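In: Sequence and computational prediction follow.
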Amino acid sequence: MSFFDYFQVIVLLIVICVIVGKALYSWSLTGIFPIVIGRGKGAWRVIELLSFGALILWVTEVLLGAFQSHFDIFPDRINVTLLQLPAVKTIGVLLILLGLILFLLAFFNFGTSWRIGIDRKTPGSLVTGGVFGITRNPIYVAFIAIFSGIFLINGTWFFLIFSLLAVVAIHFQILREEEFLKQQYGESYEEYRRHAPRYLIW
């Protein structure tokens, strides 16, 4: 295993441990389990579950590639010399580090309001401070950076296609969440929208 392989595995472990730890801590503190995937209505429920399945497949592929397993599901590399350069892989590492820092800051600032999915029954309070003053969606921006970085490190068709589809899926999920936040928090959310960008600069 190379440095890049170890790096990917360590980042995955950190992200998974933070999500599980945060979920258990928040649950013990509030009595509300913050992972609400699959509670949507109609087609959205199916889309949420399929997205979760795709994410598990992505994690599996990262681990198989990092450990150079013979059972790698999607090993085909894109035949572009640029993608094999150490400099490009280093850019991937920097993107992942940026995403990881943003991810950790968002989890710290979220407090007990953090949810995975839209919690219509027991939503938390509106969070606008800390890193949420820079972007309204720091966790989504973090994951876009991480997905892109993983693609640059591995350079396979699977990670390219996954990254592009993930950006589209994340955008539509953000639009869906914005509609909910408008209804839930009214003018407070509208005021927040006027001061913080949806992503980073727009």
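Out: Sure thing, it's come through.

In: doesn't Thr112 make contact with Leu29?
Out: Yes: the criterion here is CB atoms under 8 Å, and Leu29 meets it with Thr112 at 5.9 Å. Using the backbone N, CA and C atoms, a C-beta is placed for each residue, glycine as well.

In: Name the residue in these two with the higher neighbour count.
Out: Ranked by neighbour count (other CB atoms under 10 Å), Leu29 and Thr112 place Thr112 first, with 16 against 10.

In: How about residues contacting stretch 163-174?
Out: 47, 51, 54, 137, 140, 143-144, 147-148, 150-151, 198 (CB atoms under 8 Å, 6 or more residues apart in numbering).

In: how far does it sit from the chain's center?
Out: Centre-to-centre, stretch 163-174 and its host chain are 10 Å apart (CA atoms, centre = their mean, to the nearest Å).

In: try stretch 23-36
Out: Worked out by CA atoms, centre = their mean, stretch 23-36 lies 19 Å from the chain centre.

In: In space, what's closest to Ile19 - neighbours in sequence excluded?
Out: Ile116 (7.7 Å; CB to CB, 6 or more residues apart in numbering).

In: what sits against the spatially most central residue of the chain?
Out: Geometric centre of the chain, nearest residue: Phe143, 3.2 Å, by CA atoms, centre = their mean. By CB under 8 Å, 6+ apart, the contact list for Phe143 reads 99, 103, 166, 170.

In: Met1 versus that one, what's the distance?
Out: Taking CB to CB, to the nearest Å as the measure, Phe143 falls 24 Å from Met1.

In: how about the helices in the chain?
Out: 3-30, 43-66, 86-110, 138-154, 157-185, 187-195 (DSSP state H).

In: Can you say which of those helices is nearest to Leu126?
Out: helix 157-185 (4.8 Å; CB to CB).

In: Give me the buried positions along the closest one.
Out: Residues of helix 157-185 classed as buried: 158-160, 162-163, 166, 169-170, 173, 177, 181, 184-185 (neighbour count, 16 or more other CB atoms under 10 Å).

In: quick one, what contacts the nearest residue to Val88 once chain neighbours are set aside?
Out: Closest residue to Val88 apart from its sequence neighbours, by CB to CB, 6+ apart: Leu152 at 5.4 Å. Neighbouring residues of Leu152 by CB under 8 Å, 6+ apart: 83, 88-89, 91-92, 95.

In: pLDDT weak spots in this structure?
Out: 40, 202 (pLDDT under 70).

In: Recalculate using a threshold of 80.
Out: Applying pLDDT under 80 to the chain flags residues 38-45, 201-202.
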